[in-house]
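Okay, predicted coordinates and the sequence, questions at the end:
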Amino acid sequence: MDGCRYSVRVSPQMANRIVDSARSILNKFIPDIYIYTDHMKGINSGKSPGFGLSLVAETTNGTFLSAELTSNPQGQGAAVLPEDLGRNCAKLLLEEIYRGGCVDSTNQSLALLFMTLGQQDVSKVLLGPLSPYTIEFLRHLKSFFQIMFKIETKPCGEERKGGDKVLMTCVGIGFSNLSKTLK
């Protein structure tokens, strides 16, 4: 597992607090966790103070799953403690790992868009449970491109771990860039 903790215009000590709290959750599962820290200060750091954490896990078959959280902007919403942010981000990553699939829930809609715009051939992708955003995105794909996906649920069995999976299948529309010059 890798990660990057970043902060802008706040105490550099925030980095250690975020990393320690994320590690307190993740070290229970795997010991080799690398979370890098990046602190920006001075004129180049902009005018908005804040901090965040981005975590990435690679599965044994090469799939990358990610989770990211940031603090609330100053004056907008309740203040977030660095320890809470680190723990919550680690729990989000564990949730993504549990959900499984070839794409994390944040990027499900992007994979479906690529399938839609792809060649006029059958495309398939195995996803974890569909996020509410992805469900709404499927409605947009139907209204814009008149494309329908075949949705098959794959219950988790002995060889599959985590939550139920969804196999999405469609035939792409064969979109091509009209501005591209032909050779």
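Received it, and whenever you're ready, just let me know what you need.

Sticking with Met168, tell me its helix or strand.
In this assignment (DSSP states H and E), Met168 forms part of strand 165-171.

tilt between the longest helix anywhere in the chain and strand 165-171?
The longest helix of the chain (DSSP state H) is helix 82-99. Taking axes from the mean of the first three to the mean of the last three CA atoms, to 10 degrees, one finds that helix 82-99 is oriented at 70 degrees with respect to strand 165-171.

helices or strands next to helix 82-99 in the packing?
helix 13-26, strand 50-58, strand 64-70 (3 or more CB pairs under 8 Å, 6 or more residues apart in numbering; DSSP states H and E). Every residue, glycine included, has its C-beta placed from N, CA and C.

Dump these to TSV, plus mean pLDDT and mean neighbour count.
As requested, the helices and strands packed on helix 82-99 are exported to TSV (pLDDT from 0 to 100; neighbours: other CB atoms under 10 Å):
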stretch	mean pLDDT	mean neighbour count
helix 13-26	93	19
strand 50-58	93	20
strand 64-70	94	19
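
Put together CSV for these, with distance to Lys142 on each row.
Shown next, in CSV, are the helices and strands packed on helix 82-99 (distance: least, CB to CB, whole Å):
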stretch, distance to Lys142
helix 13-26, 39
strand 50-58, 32
strand 64-70, 27
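
Mind checking these for the one nearest to Leu113?
Leu113 lies closest to strand 64-70 among the helices and strands packed on helix 82-99, at 18.1 Å (CB to CB).

about what we covered before: can you list contacts of the longest helix of the chain?
Helix 82-99 is contacted by residues 1, 5, 14, 17-26, 29, 51-55, 57, 59, 65-71, 104-105, 128-129, 162-163 when judged by CB atoms under 8 Å, 6 or more residues apart in numbering.

and it with strand 64-70, angle?
150 degrees.

Next SSE downstream of helix 82-99?
helix 108-117.

Distance from that following helix to the middle of the chain?
Taking the mean of its C-alpha atoms, helix 108-117 sits 15 Å from the chain's own mean (CA atoms, centre = their mean, to the nearest Å).

Just the buried residues of that helix, please?
Residues of helix 108-117 classed as buried by neighbour count (16 or more other CB atoms under 10 Å): 108-109, 111-112, 115-116.
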